[in-house]
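[1] Mind folding the following:
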Amino acid sequence: MHKNASDIKVTNPIVLFDGVCNFCNTSVRFVLAYNKNENIHFSPLQSDFAKQLLAEHHLSAEDMDTVVFVENNMAYTRSSAAFQIAKHLSNPWKAIHYFRFIPKNITDWIYNLIARNRYSWFGKKDRCMVPKPEWMERFHE
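    Predicted coordinates for the structure are as follows:
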């Protein structure tokens, strides 16, 4: 695992996720399973790496209740991040990318409802997920 964002060139898309959220961790495992090109990397929002990357994109590390997807030096949040991630998944999951045509206020409202309730609905861990050894090179701390 890399120690900080300046240690690597951000050439692969990166998902910044809540490392203690059960729903978020399940979502990360889903992306790992269906990202057949294995090009998406990951970092928990609680990590120094993620905090540095957020700062580079002028996003606050405080009160981050969203997934952040960084690709081609663009940072996407909330439903936009989910739709951008989906385009990297295998079929039929790749089709989720087309939901981006639904008005953002609707998709972000749904996203925010889940984000606000994620701990009460799905639970929370005491510490961040530890990736399987075969996934380690795709995780940055």
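[2] Next up, the contacts around the residue lying closest to residue 64 once chain neighbours are set aside.
    Of all residues not flanking residue 64 in the chain, residue 45 sits nearest, at 5.0 Å (CB to CB, 6 or more residues apart in numbering). Backbone N, C-alpha and C define where each C-beta goes, glycine included. Neighbouring residues of residue 45 by CB atoms under 8 Å, 6 or more residues apart in numbering: 16, 17, 18, 19, 51, 54, 61, 64, 68.
[3] So the third one sits against residue 24, correct?
    Translated: residue 18. Yes - if you go by CB atoms under 8 Å, residue 18 and residue 24 touch, sitting 4.4 Å apart.
[4] Please enumerate the shared neighbours of those two.
    Contacts common to residue 18 and residue 24, judged by CB under 8 Å, 6+ apart, are 67, 118.
[5] So which of these two has more stuff around it?
    residue 18 (25 against 22; other CB atoms under 10 Å).
[6] Next up, the contacts around the more buried one.
    24, 44, 45, 46, 64, 65, 67, 118 are the contacts of residue 18 under CB under 8 Å, 6+ apart.
[7] Next: residue 17.
    Counting by CB under 8 Å, 6+ apart, residue 17 touches 24, 25, 27, 28, 42, 43, 44, 45, 67.
[8] shaky segments in the protein?
    Scanning the chain for pLDDT under 70 picks out the ranges 1-10, 129-130.
[9] Just the helices from it, written as ranges.
    For the chain, applying DSSP state H gives helices covering 22-34, 48-56, 78-86, 104-122.
[10] May I see those organised as a markdown table, with distance to residue 139 added?
    Shown next, in a markdown table, are those (distance: least, CB to CB, whole Å):
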| stretch | distance to residue 139 |
| --- | --- |
| helix 22-34 | 9 |
| helix 48-56 | 9 |
| helix 78-86 | 16 |
| helix 104-122 | 21 |
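[11] hey, which of those helices is tucked in deepest?
    Among the helices of the chain, helix 78-86 has the highest mean neighbour count (mean count of other CB atoms under 10 Å), at a mean of 21.
[12] that older thread, quick one: closest of the helices of the chain to residue 133.
    Closest approach to residue 133 among those (CB to CB): helix 22-34, 12.8 Å.
[13] follow-up on the earlier one: in a markdown table: the contacts of residue 45, plus distance to residue 79.
    As requested, those are arranged in a markdown table below (distance: CB to CB, whole Å):
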| residue | distance to residue 79 |
| --- | --- |
| 16 | 15 |
| 17 | 15 |
| 18 | 16 |
| 19 | 21 |
| 51 | 23 |
| 54 | 18 |
| 61 | 21 |
| 64 | 15 |
| 68 | 12 |
